[in-house]
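**Student:** Turn this into a structure:
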Amino acid sequence: MSEHLTTLEQFMELFQGSQTYYGESKPTGQKKANGKAEYKSWINQRAITQQDWMEHINGTRHIGTVPIRDDSTCSWGVIDVDRYNINHLELIKIIRERNYPLVPYRSKSNGLHLFVHMKSVVPAKLMRAKLIEMASDLGIRDETTDIYPAQDVVDLTPEEWNDKRKGNFVNLPYQHAARTTRMAMRDDGSGIKIEELYEYVQKFIITPTQLKNINVEKTTDPETKDYPPCVANFMKNKIREGEGRNDAMFNCAVLCKKMNPDKDFWPETFRDLNKKIGEPPLDPRELNVLINQHTKNDYNYRCNSSIAKMHCDAKRCVTKKFGINPNEAMPEVGKLIKYNVYPEPYWVLPVNGINVKLDNKELYSQRLFAEKLQVADIVWRTLKPSRQNPDPWSDFKEDLLKNKIDMEGYDAVADKDDMFNSKMVQFFEDCEVHDEFDQIENGYIWLDNPDAAKATELRFKLQTFQRFMKKMGNNWNNRECVNFLQVGGAKPKKDYGKIQSRHWTCPMPKLPEYKKKEVKHEKTKAPWQDH
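**Tutor:** Below is the predicted model of the structure:
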């Protein structure tokens, strides 16, 4: 028993994160369009306990921890490589050749989780920066790859749960440890049992100073010190046929012209780069097409091509002599999270390590999106149409939505019921009650019993409810009001008795402390009338 407890405590030490909340997932039994198993995920708003860890290892639950702690530090980080076609052994070999302290774990989708384990905590911002550098150097930074922690800082001070700037959770390895494939791997690809994990990790665990001293340029050819990271990394990792050689060589042509625009000089440099990058190199015909194209026109780097993204490090690129200009740099964007809360979902996108909360309109419109980022002091460079890409903004959104993470709202059922009842209580208390039904046309509400304590339903016009919502600061349109009412259980009606009137009816809300509303409508004579 003590041996098992020691193993559990060691596991907890390796993956300890936030002590305020943690994540959990549950398989739905369905498959996504890409063939991956579908999971329902949510956040538990409490500290993770030893029992939670045990249930994960025993296989009864799927737990995830948030690496960024409440003070914006972390003791571990991970590059989540979510690709099916990755060669595990080949990548591990390169990692060891470059002396990176990454421990590979097989993920549930047969991808790789590359962990850095620390001896003590470091700022999450430092961890993220080093993970991004290593991921770009290894050529694994495409749109499916996640970096955790996903945030540089968190802010849990707001009272409302949905307003807190939280960290993203990571699914833990060793779920159902006795029969799992989600385990750490040795360099030969063999798995490591959970009982052996802690001792194995000690070979790679590092200090904060060692993390700071990781330098991806140590293994870079000195002649490339002024190159943009993507081109330097193309040379280190080689670009195979079918993996984006043409796009890679396009950026190489831009570089060569930046170094020396002389049309009698740069093509030769370009041909030399082709021999160092392509595996095999582009044939002379394809090479001449690119040379002619760049001789006639001046181009910027295509930073949004798939092969460039995989090797990109924009923060380092702007510091390079032949890198991108600061006004070309795009912010670093993480995975989009959709929170399915009532009455409508909201979205959270990590940008430059900062969580940006978006509504549907801000996600749809590039202008509104840019304005929202500006509030967070993040500059968004407008994605402009070109001959090669007539609608880059739509492509950007499509990538975000294709790789989004769905999260259930905290205690979603209770949230829905509580919010609807709370809103209808406010609506009831804000509006005047009239004992004549037809007066709902004039903005009153009507109860089915003159004694509100005994009433079971209230009736009202949609416009009355919409005006109330606007007064409360929610400028909802008709569709948004209808959706809120329908989901909450209200129903539209065409008449009441013999009176034709389109209106809504809903159950009388539960009043926490009912305040009797004395509303009387009496006709009195004006002072100038006879008494």
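**Student:** In the stretch 301-450 of the chain, where is pLDDT below threshold?
**Tutor:** For the stretch 301-450 of the chain, applying pLDDT under 70 flags the ranges 342-343, 409-416.
**Student:** the strands in it, which residues?
**Tutor:** Counting by DSSP state E, counting those that start in this stretch, one finds strands in the stretch 301-450 of the chain at the ranges 337-340, 346-351, 354-358, 405-408, 446-447.
**Student:** Dump the next helix or strand after the last one to PDB, restricted to CA.
**Tutor:** Next in sequence after strand 446-447, counting helices and strands by DSSP states H and E, comes strand 457-460. Taking Å, rounded to 0.1, in the frame of the first residue of the first chain, the C-alpha atoms of strand 457-460 are listed here in PDB:
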ATOM      1  CA  GLU A 457     -47.900  32.000 -15.100                       C
ATOM      2  CA  LEU A 458     -47.300  35.500 -16.500                       C
ATOM      3  CA  ARG A 459     -47.900  36.800 -20.000                       C
ATOM      4  CA  PHE A 460     -46.200  39.600 -21.900                       C
END
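**Student:** Partner strands of strand 457-460, with direction?
**Tutor:** Strand pairing for strand 457-460, using DSSP bridges, gives strand 446-447 (antiparallel), strand 499-507 (antiparallel).
**Student:** Following that strand in sequence, what is the next regular element?
**Tutor:** Downstream of strand 457-460 (by DSSP H and E), the next one is helix 462-471.
**Student:** Now do that next one: which elements does it pack against?
**Tutor:** Based on contacts counted as 3 or more C-beta pairs under 8 Å, 6 or more residues apart in numbering; DSSP states H and E, the elements that helix 462-471 packs against are helix 412-430, helix 478-488, strand 499-507. To be clear about C-beta, it is placed using only N, CA and C from the backbone, and glycine gets the same treatment.
**Student:** do that again at 7 Å, thanks
**Tutor:** Contact analysis of helix 462-471 by 3 or more C-beta pairs under 7 Å, 6 or more residues apart in numbering; DSSP states H and E lists helix 412-430, helix 478-488 as its packing neighbours.
**Student:** mind putting these in JSON lines, mean neighbour count and distance to residue 93 included?
**Tutor:** Shown next, in JSON lines, are the helices and strands packed on helix 462-471 (neighbours: other C-beta atoms under 10 Å; distance: least, C-beta to C-beta, whole Å):
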{"stretch": "helix 412-430", "mean neighbour count": "16", "distance to residue 93": "45"}
{"stretch": "helix 478-488", "mean neighbour count": "16", "distance to residue 93": "54"}
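**Student:** got those as JSON lines, with distance to residue 111 columns?
**Tutor:** Below are the helices and strands packed on helix 462-471 laid out as JSON lines (distance: least, C-beta to C-beta, whole Å):
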{"stretch": "helix 412-430", "distance to residue 111": "29"}
{"stretch": "helix 478-488", "distance to residue 111": "37"}
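**Student:** right, and these - which one's nearest residue 253?
**Tutor:** helix 478-488 (49.9 Å; C-beta to C-beta).
**Student:** name the helices or strands packed onto that closest one?
**Tutor:** So helix 478-488, by 3+ C-beta pairs under 7 Å, 6+ apart, packs with helix 462-471, strand 499-507.
**Student:** so which of those comes closest to residue 424?
**Tutor:** Closest approach to residue 424 among these (C-beta to C-beta): strand 499-507, 6.5 Å.
**Student:** how many degrees apart are the closest one and helix 478-488 in direction?
**Tutor:** Strand 499-507 runs at 50 degrees relative to helix 478-488, counting by axes from the mean of the first three to the mean of the last three C-alpha atoms, to 10 degrees.
**Student:** Figure out how far strand 499-507 is from the centre of its chain.
**Tutor:** Its chain's average C-alpha position is 42 Å from that of strand 499-507, according to C-alpha atoms, centre = their mean, to the nearest Å.
**Student:** Same question for stretch 215-235.
**Tutor:** Relative to its parent chain, stretch 215-235 has a centroid offset of 30 Å by C-alpha atoms, centre = their mean.
**Student:** mind checking the end-to-end distance for it?
**Tutor:** Using C-alpha to C-alpha, to the nearest Å, the span of stretch 215-235 from its first residue to its last is 17 Å.
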